[in-house]
Every structure is written in C-alpha cells, then in structure tokens.
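**Student:** sequence unknown, structure follows:
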C-alpha cells in the first residue's frame, strides 16, 4: 500500500516535470510543442550512449544535448512562426516530432538501444517491515527539488517575472521592453533541461530506448496541462501530477483490469474538464485569449 | 538647446484617409500639455507615433533635439519617453508590485533596482497597500494608478498618458488629479495628457493643443480654448464639414 502511494507520487512527479516543460513553452509562445517528446528521447539516447561515464557526467551531457536541441528547434522551426495561428504551430511541431523520430531511426536504428544506467536505483530497501523501491524515493526527491527550484526561478527571479508577464500578455511584455528572443530561447532551454530529467527517471525504469521513447509521456503530459489549466505553470505542473498519480493508482486498483487504466484515466479527465473546462486552476482563463 | 519633446509637422494616412495633417506639438521640460479633440480627431494616432508604435508618413519626433524615429518603443522609454495605455494593459495574474517592476525591468535594470523603484513609485502615488494584490482584482481607478506607476517606474523625462480618466467615477478623478500633481512635484517630468475630459485638462495642464479631423485647431491657454469658436464647433461635431478650421 505504501509502495503504491510512493509509486503514484513518483510517477506524478515525473509527469509534473514533463508538463512543466511543455507549459513553459506554451506560456511564452502559445505553442503546444509536441516535439517535446523528441527532447526526452534524445536525452535518453544520450544517457544510454554515455553510460560508461560516471553518472553525473552522463546526466550533464544529457541535459546539455536536450537543451541544445530545444534551442535549435526554436531557432530553426518555431522562431519564424511567432504569433501564428496555434493550429499552424501545433502542426509544425508534429512535423518536427516525426522528422526527428526518423533521424533517430537513421542514427540509432529502429530497435531499442539499452544500457544499465544507475542500476543502484533499481533495488529496494526495507523500512519498518515495508519494502520500498529506491527508484520511487529518488524520483520523488528529484521531482520535489526541481519543482522547488523551478518555483523559485519563476516566482522570485527577474527571468521568472518576465516569463510570467510574457505568458500573461506577450504583446504588452514586448512593448515594455522585455527581450522576446532571449526570453523564448530561455524557456526552450529550460524545457529541454526538464525533458532530460524526465528522461533520466524513465531510462532507469525502462532502459530500452527507441525512437518513440518520449511519446507516451509527452501525450499524457499534454493531457496534464489541459487538466491543470494551460494558462498557469502551477496548473500545468499540478495537472501533470494528477495524470501521473491517477494512472499509477489505477494500475494497482484495477489489478487484472489494468489494461483499462488509460480508459478510466480519460474518464476522470473528461469529468474534470466538464466541471472546469479551462482546467483546475483556471481562475483567469475566461479573460485570456486561447 | 531647448530641452523639449517635440513632434514636428507630423502627417499620417491610412490608405486614402488622412488621419494627421501637418500637426506639431511641443512639450517643454516639466510642462503639462493637454491634447484634446473629439473622437476620430487623430489623438491616438499622434501619440502612437510619438511613442514609436506607428510610423509617420512625414515629420519628425525629437527628444531634446535627438531624432527618435529609428527607435522602438522600449528604446524610447529608455531614453526617457514612457506612456500609459488606454486599456491599462496590466498583467492580471501578476501582483501590483510585479506589474510596476516590469516597467523598470524592460529597460534592462536589475531585479533589485526594479523592486526598489516599484516600492518608491507606489509610495509616491499612495497605493503601497495594493502592492501584493493581483492586478486582475483591482478597481478601475486603482488599475489606472497602477498603469501610471508602471510608466513612472521607467523614470521618464516625459510621460504620455492616453485618456487616464476614461471610465473613472467622480471620486476617482480627483484622486487621479492629486496623483498627477504629486508626480509633477516629485519627478518634474513633462506630461502629455490625451483626454476627452476638457475640465480635467483645464485643471491639470498649463497649455492645451486641440485636434479636429487630423488638423491642429488650437494651441494655447486652457481657459481660452474653452471660449474658442473653432474648438467649440469641433466639439459640436461640424468639424468634419470644415466649419471649425478656418
């Protein structure tokens, strides 16, 4: 039971990080970056390809590669689309996503690449007679630390204030002199770094990295930001957490019926959206352009 | 050199419609000038040009003799020309203090200095108690003051205000007037006040410029403007037929 709750919290934490990465970019650009999935994938490949290095070095590499790829995505594909119709941007992000999947297939092959990364995390330990997996505890600690750091960045720093202003009204933020290029590039770099953290936790749990490795988590994180409220970063993180935690709990509760876990989760999502169409934290959503 | 903010011989057309025809306006350092005119007179277009949001077809905008035409709005703000917006354009989710700090952050100042300026400006305007309130929850009058505070956080030499009294109630207008005179005392910045409200301009400004149908029909003392036949007929609505121009 305790393990089930820890698993739910840890999966929720991972999805919260993924949703936060998507939410940051959506906030400043109104872009639903479907290719966030490929940032997670490239970070995962990097972890597998550098597994012979010390773990910390390997993680730094993976953060650097994912952040760099996010920056390149912004420069090459999204910069000229600023202010375009959100549907146009979404379709382009599908294009970027599929293109990168094919590139990964050419470079790494269609079959999964695997390596043991941070094997110490796959064990378990016993507290008061209850067996607890190391991975769930490490994941929770990691998610909490990063969410707190992001909270500090967004709420307390100059960059964070500008990000929130741009997310609220990009045009006015620009008129006030907020440097849009620098700000959007920063949002992409941070979202790449968050993707790398998500990749690390996922690779430890499932070290079979294929070109579509980041896809499922990205789709569910997208569901998360819609559930939480797309106009607020807190909403994104909360929505991601709810989706991850509910999914994890459903897998336990449904037992043999766990093949239906996704279906039940979407039933819950639909109910939430019927009650609060703008998402859970959608206090100001009615005033916002969508 | 004369220290002044000047728009000289400004012309602007949108397609076949001439919105501004050879309009000149000067705000001297520390002076408060009102810009009056009926709807459609070209007031908004003129201040959009002055603040750098639109480009004129002809004429020149200068600050203490330096041409501003090549500079974007936020660069003009850095150089000392700030503006408020008619619709307020506050960030509803952000607190009042954060909204005001952004007026300084956009100039490239550090977070610490921006916070200090925000505190100071809110104090000058007497709205320190609103500091932590989200801007989305403010009354109309308070939102106007916060918009004014945000422009002041840039420590402008000249402040352009787009209809600051629009939509304010009878209690809020005197509060705005008091705030403006406090700002003038504290900062000594020149002001260009764009308004419909003739009474407000007469109280707040030492000089008025009146626009009608894209042309300047009056430049002088506010009381004299109230008695000017051209101004009167423009406000009665026959300016479109050319009645008030000659």
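**Tutor:** That came through fine. Predicted model, so just to flag it, every value in this text is computed and none were measured.

**Student:** may I see the buried residues of stretch A:274-281?
**Tutor:** Going by neighbour count (16 or more other C-beta atoms under 10 Å in any protein chain shown), the buried part of stretch A:274-281 is A:278-281. Just so you know, the C-beta spots here come from the backbone N, C-alpha and C atoms, and that holds for glycine as well.

**Student:** so which residues of chain B form strands?
**Tutor:** For chain B, the strands defined by DSSP state E cover B:4-14, B:17-28, B:32-36, B:58-63, B:66-67, B:81-83, B:158-162, B:190-195, B:207-212, B:215-220.

**Student:** what angle do the fourth one and strand B:4-14 make?
**Tutor:** For strand B:58-63 against strand B:4-14, the angle by axes from the mean of the first three to the mean of the last three C-alpha atoms, to 10 degrees is 150 degrees.

**Student:** could you do the last one as well?
**Tutor:** Direction vectors for strand B:215-220 and strand B:4-14, defined by the same axes, to 10 degrees, enclose an angle of 160 degrees.

**Student:** can you give me how far strand B:215-220 is from the chain middle?
**Tutor:** Centroid displacement of strand B:215-220 relative to its chain, using C-alpha atoms, centre = their mean, to the nearest Å, is 17 Å.

**Student:** each with direction, which strands does it pair with?
**Tutor:** Paired neighbours of strand B:215-220 in the sheet (DSSP bridges): strand B:207-212 (antiparallel).

**Student:** indicate which one of the strands of chain B is closest to residue A:244.
**Tutor:** strand B:81-83 (45.8 Å; C-beta to C-beta).

**Student:** partners of that closest one, with directions?
**Tutor:** Sheet pairing for strand B:81-83, using DSSP bridges, gives strand B:158-162 (parallel).

**Student:** and the partner strand, how far out from the chain middle?
**Tutor:** 2 Å.

**Student:** and the angle for that strand with strand B:32-36?
**Tutor:** Orientation check (the same axes, to 10 degrees): strand B:158-162 against strand B:32-36 gives 30 degrees.

**Student:** could you dump the strands of chain B to a markdown table with mean pLDDT?
**Tutor:** Converted to a markdown table, those look like this (pLDDT from 0 to 100):
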| stretch | mean pLDDT |
| --- | --- |
| strand B:4-14 | 93 |
| strand B:17-28 | 93 |
| strand B:32-36 | 93 |
| strand B:58-63 | 94 |
| strand B:66-67 | 92 |
| strand B:81-83 | 90 |
| strand B:158-162 | 93 |
| strand B:190-195 | 93 |
| strand B:207-212 | 92 |
| strand B:215-220 | 91 |
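
**Student:** next, format those strands as a markdown table and append mean neighbour count.
**Tutor:** What follows is the strands of chain B, written out as a markdown table (neighbours: other C-beta atoms under 10 Å in any protein chain shown):
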| stretch | mean neighbour count |
| --- | --- |
| strand B:4-14 | 18 |
| strand B:17-28 | 19 |
| strand B:32-36 | 25 |
| strand B:58-63 | 17 |
| strand B:66-67 | 10 |
| strand B:81-83 | 27 |
| strand B:158-162 | 25 |
| strand B:190-195 | 24 |
| strand B:207-212 | 25 |
| strand B:215-220 | 18 |
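
**Student:** mind checking which of those is nearest residue A:3?
**Tutor:** strand B:81-83 (58.8 Å).

**Student:** so residue A:239 makes contact with residue A:227?
**Tutor:** Yes: counting by C-beta atoms under 8 Å, residue A:227 is a contact partner of residue A:239 at 3.9 Å.

**Student:** get me the contact residues on chain B for chain A.
**Tutor:** In this structure, chain B approaches chain A at residues B:53, B:73-75, B:77-78, B:85, B:89, B:91-94, B:98, B:101-103, B:105-108, B:110-111, B:114, B:136, B:150, judged by C-beta under 8 Å from any C-beta of the partner chain.

**Student:** so how do I select the buried members of the residues you listed in ChimeraX?
**Tutor:** To isolate the buried ones among those in ChimeraX, judged by 16+ other C-beta under 10 Å, type:
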select /B:73,74,77,78,85,89,91,92,93,94,98,101,102,103,105,106,107,111,114,150
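
**Student:** what about the residues of chain B next to chain A, which are in helices?
**Tutor:** Taking DSSP state H, the ones among those that sit in helices are B:73-75, B:77-78, B:98, B:101-103, B:105, B:111, B:114, B:150.

**Student:** tell me which parts of the stretch 101-250 of chain A are close to chain B?
**Tutor:** Selection of the stretch 101-250 of chain A residues close to chain B by C-beta under 8 Å from any C-beta yields A:157-158, A:161-162, A:164-165, A:168-169, A:172-178, A:232.

**Student:** which members of the residues you listed are the farthest-apart pair?
**Tutor:** Within these, A:177 and A:232 form the most distant pair, 24.0 Å apart (C-beta to C-beta).

**Student:** quick one: which of these two has more around it?
**Tutor:** The neighbour comparison of residue A:177 against residue A:232 (other C-beta atoms under 10 Å in any protein chain shown) goes to residue A:232, with 27 against 24.

**Student:** skipping adjacent residues, who's closest to residue 133 in space?
**Tutor:** You didn't say which chain, so I picked chain A. Distances taken as C-beta to C-beta, 6 or more residues apart in numbering or on different chains put residue A:124 closest to residue A:133, at 4.8 Å, once the chain neighbours are dropped.

**Student:** can you look at chain B instead?
**Tutor:** That would be residue B:96: by C-beta to C-beta, 6+ apart, it lies 5.3 Å from residue B:133.

**Student:** try residue B:24
**Tutor:** Nearest non-adjacent residue to residue B:24 (C-beta to C-beta, 6+ apart): residue B:8, at 5.0 Å.

**Student:** list the contacts for that neighbour?
**Tutor:** B:24, B:59-62 (C-beta atoms under 8 Å, 6 or more residues apart in numbering or on different chains).

**Student:** which one of those residues sits closest to chain A?
**Tutor:** Distance to chain A across the contacts of residue B:8 (C-beta to the nearest C-beta) is lowest for residue B:61, with 17.1 Å.
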